[in-house]
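**Student:** One predicted model, sequence on top.
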Amino acid sequence: MKPSISFLILVTLLFISCGEKQKEVAKVETELPVTLTAVKTTEEITKDQEQYKAALVVDGIDVPWGMTWLPDESMLVTDRSGTLYHVKDGKKTAIKNVPEVFARNQGGLLDVMIHPKYKDNGWIYITYSIVDKKEKGSHTALIRAKLKDNALTSIEKLYQGSPNVKTAHHFGSRIAFDADGYVYFTIGDRGKRDVNPQDITKDGGKVYRLHDDGRIPADNPFVGQKNVKEAIYSYGHRNPQGMAVNPRTGQIWVHEHGPRGGDEINPVTKKVNYGWPVITYGINYSGTTITEETAREGMEQPLYYWVPSIAPSGMAFVTSDVYPELKGHLLVGSLKFQYLELLTLTRDEKVAKREKLLNKIGRVRSVRQGPDGYIYVGVDGKGVFKMVKNSSSSSTQNSGTASAESEETPTTTENTEETTTETTESKSAFMQLASADAKKVEESLKRGKAVYNNVCAQCHLPNGKGVPSAFPPLAGSDWLSGKVVESIRSVKFGLKGEITVNGKKYNGVMLPLGLTNKQVADVMNYTSSSWGNTTKNFYTAKEVAKVRKE
């Protein structure tokens, strides 16, 4: 009996000492994964490739979130606003009978993928943000449907996240099939980072696995546990917007947005906890700390992470002979820096180096390899492009493809703190307004620029041009110049409903950014004196504090 009593005492002591920490961790017991050493971006991108350019396939798609190909090699492309397009020979036709989507902020019509045996069964899989009218808020749903006479038919809802959340961001979502025919999809944490990712009784911040008809696989890791979401395959994710199957291992890989820094690539393993938000290499957008921990026992390290964030979206492994020099490596789109990133992989699946492709193409939203072997790239506000060889090595891209190189494309660098978009003339004019305190103005502009590039530029673009029909421009904006109080209020408290900027209507949700009054003042100073904007105002934290919520 003595050994048994000693063992019980030891277990009790361990339980007491770890109890407080366990409150922060997952509400499940996990199998400890093999510990990895996280690899981060510490060096500049090694080379800006000049071998490729972007050839326009189809234009006029505001946010081309997902794409897939039918047997005749025509395409289905989702526009986040809620339209599913059938694209053939450069012409697009809107598909009818698409479910109503919650097209607000980051929500809308998301990914699309055909079944691996589409020729036999005709199934098309779609994720989107859904509003359940019986319950306030929204969530991410997965459906399958068939296509007949340019309309969706036989629609079946396979999964719907719950409980609903009133936020309008972090929906995920990507779809992939593995070699065994299981369908995987992602749902972001829905902006409830301290609630959803670590709780397997709630959807959000997870990777899910289902049979192709929506049934729960018997070997899913949490099957049989009380009140859990049995579709969960892995958890502790933030907002995965890239998913692909590693062709060498067959393993599902995802990448996900970090906050400010800490975007991650994670090969997905059953039942593994990827740590968000208990561990992270990022910080809050406002610059404050989320957690002091970057590692904890029982939580997986990322294969790779970016600091600063690139805002990744879309991901594809290159398996095609069209690009022999890229074959076997990984492509990731960057929303923030507006290029396609090539990540060269070693034999043991580590990232060896980074390279830019299609630099300045725009906000890369989706990346997939087509059945013809070419890489296709969806770009916000422009459409879908095909990556082809560049006959002129002196030009980085788009000879003969004007729409991929427009005045909406800013000049960017790897570090958002170094992004230069304001004009010298407007900056000088602004400095003269407070020449007696020029240093104070200069410091505010510098801080405001950092806040803008880390928080606002992901939607309004680093040059303030915005995205047509989605995010209003700040460059030359009558909203900034004519509705100063409303501008401050929107940054400070968020915005919901319809507004008119430069004569165009925008309808959506801008969430509160969590900025201090000083940060709001700084970003107002920066945006009001950049990209040709001029102002007679110098905003201070004291003035911003006077603006109240309506």
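**Tutor:** Here it is on my side, so go on.
**Student:** Sketch out the low-pLDDT regions of this protein for me.
**Tutor:** Scanning the chain for pLDDT under 70 picks out 1-37, 40-48, 392-436, 454, 458, 469, 508-513.
**Student:** Helices of the stretch 51-200 of the chain, residue ranges please.
**Tutor:** Per DSSP state H, counting those that start in this stretch, the stretch 51-200 of the chain carries helices over the ranges 118-121.
**Student:** Work out for me the element residue 309 sits within.
**Tutor:** Residue 309 belongs to no helix or strand when elements are defined using DSSP states H and E.
**Student:** Was I right to think it contacts residue 336?
**Tutor:** Yes. Residue 309 is within contact range of residue 336, at 6.5 Å (criterion: CB atoms under 8 Å). Yep, even glycine has a C-beta here, placed from its N, CA and C like the rest.
**Student:** In the stretch 251-400 of the chain, mark out all the strands, start to finish.
**Tutor:** In the stretch 251-400 of the chain, the segments counted as strands under DSSP state E, counting those that start in this stretch are 252-256, 263-267, 304-306, 312-317, 330-334, 339-345, 351-357, 364-369, 375-379, 383-389.
**Student:** I misspoke; the intended subject was the stretch 101-250 of the chain.
**Tutor:** For the stretch 101-250 of the chain, applying DSSP E, counting those that start in this stretch gives strands covering 109-114, 124-130, 139-148, 151-160, 175-177, 183-187, 206-210, 232-235, 240-245.
**Student:** Now do the SS call for the residue nearest to residue 451 when sequence neighbours are not counted.
**Tutor:** In this structure, residue 451 finds its nearest non-sequential neighbour in residue 523, 4.6 Å apart by CB to CB, 6 or more residues apart in numbering. Classification of residue 523 using DSSP: H, G, I helix; E, B strand; the rest coil returns helix.
**Student:** List the backbone torsions phi and psi for residue 438.
**Tutor:** phi -60, psi -40 (degrees, to the nearest 10).
**Student:** what's the spacing between it and residue 531?
**Tutor:** 21 Å (CB to CB, to the nearest Å).
**Student:** Looking at these two, which has the bigger crowd around it?
**Tutor:** Applying other CB atoms under 10 Å to residue 438 and residue 531 shows that residue 531 carries more neighbours, namely 19 against 12.
**Student:** doesn't the more buried one fall inside a helix?
**Tutor:** No. Assigned with three-state DSSP, residue 531 falls outside any helix and is coil.
**Student:** Which residue is the nearest non-sequential neighbour of it?
**Tutor:** Leaving out its chain neighbours, the residue that sits closest to residue 531 by CB to CB, 6+ apart is residue 475, at 3.6 Å.
**Student:** Against residue 62, how distant is the one you found?
**Tutor:** Look at residue 475 and residue 62: by CB to CB, they are 18 Å apart.
**Student:** One more: residue 266?
**Tutor:** Here residue 266 is placed at a distance of 29 Å from residue 62 (CB to CB).
**Student:** out of the two, which sits in the more crowded spot?
**Tutor:** Taking other CB under 10 Å, residue 266 and residue 62 do not tie; residue 266 has more neighbours (25 against 20).
**Student:** Is there a neighbour count for the residue nearest to residue 151 when sequence neighbours are not counted? I'd like the number.
**Tutor:** In this structure, residue 151 finds its nearest non-sequential neighbour in residue 96, 3.9 Å apart by CB to CB, 6+ apart. By the measure other CB under 10 Å, the count of residues near residue 96 is 11.
**Student:** got the contact list for residue 96?
**Tutor:** Residue 96 makes contacts with 150, 151, 152, as judged by CB atoms under 8 Å, 6 or more residues apart in numbering.
**Student:** The first one touches residue 93, doesn't it?
**Tutor:** Yes. Because the distance of 5.8 Å satisfies CB under 8 Å, residue 150 is recorded as touching residue 93.
**Student:** Give me the common contacts of the two.
**Tutor:** Common contacts of residue 150 and residue 93 (CB under 8 Å, 6+ apart): residue 86.
**Student:** circling back to that earlier point, I figured the residue nearest to residue 451 was touching residue 448, is that so?
**Tutor:** Yes. Residue 523 is within contact range of residue 448, at 4.5 Å (criterion: CB under 8 Å).
**Student:** Distance of residue 277 relative to residue 236?
**Tutor:** Shown here: residue 277 relative to residue 236, a distance of 9 Å by CB to CB.
**Student:** What of residue 165?
**Tutor:** Per CB to CB, residue 165 is found 18 Å from residue 236.
**Student:** And residue 276, by the same measure?
**Tutor:** Going from residue 276 to residue 236 by CB to CB gives 5 Å.
**Student:** Quick check: neighbours shared by those two?
**Tutor:** In contact with both residue 276 and residue 236: 197, 198, 205, using CB under 8 Å, 6+ apart.
**Student:** quick one: which of those is most hemmed in?
**Tutor:** When the shared contacts of residue 276 and residue 236 are compared by neighbour count (other CB under 10 Å), residue 205 ends up highest, at 31 neighbours.
**Student:** The closest residue to that residue other than its chain neighbours: what's it in contact with?
**Tutor:** Closest residue to residue 205 apart from its sequence neighbours, by CB to CB, 6+ apart: residue 197 at 2.9 Å. Counting by CB under 8 Å, 6+ apart, residue 197 touches 189, 204, 205, 206, 235, 236, 237, 238, 276, 277.
**Student:** Run a quick neighbour tally on the closest residue to residue 306 other than its chain neighbours.
**Tutor:** Nearest residue to residue 306, sequence neighbours excluded (CB to CB, 6+ apart): residue 263, at 4.3 Å. Using other CB under 10 Å, residue 263 has 30 neighbouring residues.
**Student:** just checking, residue 263 touches residue 309?
**Tutor:** Yes. Using CB under 8 Å, residue 263 is in contact with residue 309, at 4.8 Å.
**Student:** Need the overlap of contacts for those two.
**Tutor:** Residues touching both residue 263 and residue 309 (CB under 8 Å, 6+ apart): 257, 282.
**Student:** quick one: residue 376 from residue 68, how far?
**Tutor:** As judged by CB to CB, residue 376 and residue 68 stand 10 Å apart.
**Student:** Which residues are in contact with each of those two?
**Tutor:** 75, 368.
**Student:** Could you pull out the strands in the stretch 451-550 of the chain for me?
**Tutor:** Counting by DSSP E, counting those that start in this stretch, the stretch 451-550 of the chain has strands at residues 495-501, 504-510.
**Student:** buried ones in the first one?
**Tutor:** It refers to strand 495-501. 495, 499, 501 (16 or more other CB atoms under 10 Å).
**Student:** Can you get me a residue count around the nearest residue to the second one once chain neighbours are set aside?
**Tutor:** What that stands for is residue 499. Spatial nearest neighbour of residue 499, chain neighbours left out: residue 506 (5.6 Å); criterion: CB to CB, 6+ apart. With neighbours defined by other CB under 10 Å, the count for residue 506 comes to 19.
**Student:** Correct me if wrong: residue 506 contacts residue 468.
**Tutor:** No. Residue 506 lies out of contact with residue 468 (CB under 8 Å); the separation is 9.9 Å.
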